[in-house]
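Colleague: Pasted the sequence and its predicted model underneath.
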Amino acid sequence: MEIGVVHWYDGRDGKLFGFINIRGGRKQIFFHRNDGRNYEIVSGDKNILFFQKPLEKEPRQSNHIAFECTPGSQGRPKASPWYFIGDYEKMKKQILDLTGSHTYRVLEQRTFNNGTPHEPETLWEGPDLLELCSIYQRPNDPEKDFLCPVFCLTNFERKIWFERKTDSGVWKCCDDPRPIGP
């Protein structure tokens, strides 16, 4: 996630967009209110659940924003999703409180033509589950999940699994730590 400051915002009906200053104000990035996110986080038996909530306030000049830089509809970068920095920090703290301060990784192993499986590759590693979710959001529908455990075609198999580093530094398989998305 990058951090920026709202330079200006047009909140009139039909507009709802603005620009965020990043890197000391030398670069600006477009953002739209509809890409703003706010979540309620609830812990279930084995999963953490995200419930999307409407934004409670309009962005204003000088608000600090945490955002992911993604390609916009015209190929120019845009902030999507974006969060008010206070909401983002609150989410990070809630997830850390629910999951503990663990380091996770996502591994992928591919097999072609029923041959020998290739060496596993690390797709992601780190302690920040919000970062993991911004890259690989966990949808409610498992068939739409890029990180589904097994994907097979006639001559191709792809396995995905999650591991958590123990206090002794050993990697152990674990359940998917990503919250289930809205």
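Modeller: That came through, no problem.

Colleague: How about Gln28, nearest residue that isn't a chain neighbour?
Modeller: Using C-beta to C-beta, 6 or more residues apart in numbering and skipping residues adjacent in sequence, the residue nearest Gln28 is Phe19, 4.3 Å away. Backbone N, C-alpha and C define where each C-beta goes, glycine included.

Colleague: Relative to Phe146, how far out is the one you found?
Modeller: 31 Å (C-beta to C-beta, to the nearest Å).

Colleague: Settle it for me: which of those two has more neighbours?
Modeller: Per other C-beta atoms under 10 Å, whichever of Phe19 and Phe146 has more neighbours is Phe19, with 18 against 12.

Colleague: so how far is the helix or strand Gly4 falls within from its chain's centroid?
Modeller: Element membership for Gly4 (DSSP states H and E) is strand 2-10. Its chain's average C-alpha position is 20 Å from that of strand 2-10, according to C-alpha atoms, centre = their mean, to the nearest Å.

Colleague: Summarise which helices and strands it is packed against.
Modeller: For strand 2-10, the packing partners by 3 or more C-beta pairs under 8 Å, 6 or more residues apart in numbering; DSSP states H and E come out as strand 17-22, strand 27-32, strand 64-71.

Colleague: Compute the inter-axis angle for it and strand 27-32.
Modeller: With axes from the mean of the first three to the mean of the last three C-alpha atoms, to 10 degrees as the basis, strand 2-10 and strand 27-32 are set at 60 degrees to each other.

Colleague: Now do the SS call for Tyr88.
Modeller: helix (DSSP: H, G, I helix; E, B strand; the rest coil).

Colleague: Ile29 is in contact with the residue nearest to Gln28, correct?
Modeller: Yes. With contacts counted by C-beta atoms under 8 Å, Phe19 reaches Ile29, the gap being 6.7 Å.

Colleague: how close does the most centrally placed residue in the chain get to Lys144?
Modeller: Centroid check for the chain by C-alpha atoms, centre = their mean gives Ser134 as the closest residue, at 1.3 Å. Separation of Ser134 from Lys144 (C-beta to C-beta) stands at 17 Å.

Colleague: Do a quick rundown of the helices in this structure.
Modeller: 85-99, 129-135 (DSSP state H).
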